[in-house]
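> Let me see the structure of the following:
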Amino acid sequence: MSASADTRATSGWRRFTAGFARLLDWLLIATVMILIVPVSMQIFSRYTDLIPPYIWTEELARFLFIWMIMLGAMIGVREGSHFDVDIWPRLGAKADAVLKMIANLCTLVFALVFVWSGYEFTAFSIYRISELAELPLWVIHMAWPLTGIAWIVFLGEKFVDNLRILSSRQP
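Below you'll find the predicted structure:
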């Protein structure tokens, strides 16, 4: 494969992951904005008589919170801020790339667990609904395998970056 073809493939992949990350950012914003509604309803119904106390608001808030956490975890892996702990001093580009690859491999293991177990978790709930809001539970449980898939997509980008650093002739 020529260098220009490699650059085109990489730029296409980068455009895809950047677009996917932007979509996740907007979904996270939407989740937070929607979460405000049931939580506000809970607060107003608890302390005023303006609206009746609805039971489904607690369940909807919990489900939105789950999705908010998972979307944040997806974005955190893309930005390299979720599972990254700096305990080593600055070691140089190649040594840092090796440490990042080790950390990314550990994250990849978690991603595969999320995909596999999340799939089973979702399959188990395919015909079940939540008790109060009567939402299909698979919609909530899909957060786990989708998070694992997003981690794998974003880790692929990081592995390529670190392999480029390791294959360079510079120290």
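> Would you mind naming the helix or strand containing the spatially most central residue of the chain?
Central residue of the chain (CA atoms, centre = their mean): Met74, 1.7 Å from the mean position. Taking DSSP states H and E as the definition, Met74 sits inside helix 56-79.
> Averaged pLDDT, that helix. What do you get?
Taken as a whole, helix 56-79 has an average pLDDT of 93.
> Next SSE downstream of that helix?
helix 93-124.
> pLDDT (mean, whole number) over the helix or strand that comes right after that following helix?
Next along the chain after helix 93-124, taking DSSP H and E as the criterion, comes helix 137-141. Mean per-residue pLDDT for helix 137-141: 93.
> Helix 137-141 packs against which elements?
helix 56-79, helix 93-124 (3 or more CB pairs under 8 Å, 6 or more residues apart in numbering; DSSP states H and E). Where C-beta positions appear, they are placed from N, C-alpha and C, glycine not excepted.
> who touches the residue nearest to the centre of the chain in this structure?
Leu24, Leu146, Thr147, Ala150, Trp151, Phe154 (CB atoms under 8 Å, 6 or more residues apart in numbering).
> 6 Å instead, please
For Met74, the contact set (CB atoms under 6 Å, 6 or more residues apart in numbering) comprises Leu24, Thr147, Ala150.
> Same list, these, but as CSV with distance to Met70 and pLDDT please.
Shown next, in CSV, are the contacts of Met74 (distance: CB to CB, whole Å; pLDDT from 0 to 100):
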residue, distance to Met70, pLDDT
Leu24, 10, 97
Thr147, 5, 97
Ala150, 9, 97
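> Buried only: go through those residues for me.
By neighbour count, with 16 or more other CB atoms under 10 Å, the contacts of Met74 hold Leu24, Thr147, Ala150 as buried.
> Specify the local secondary structure of Glu157.
At Glu157 the chain is in helix, as set by DSSP: H, G, I helix; E, B strand; the rest coil.
> Settle this for me: it is touching Phe16, isn't it.
No: using CB atoms under 6 Å, Glu157 and Phe16 do not qualify as a contacting pair, with a distance of 9.4 Å.
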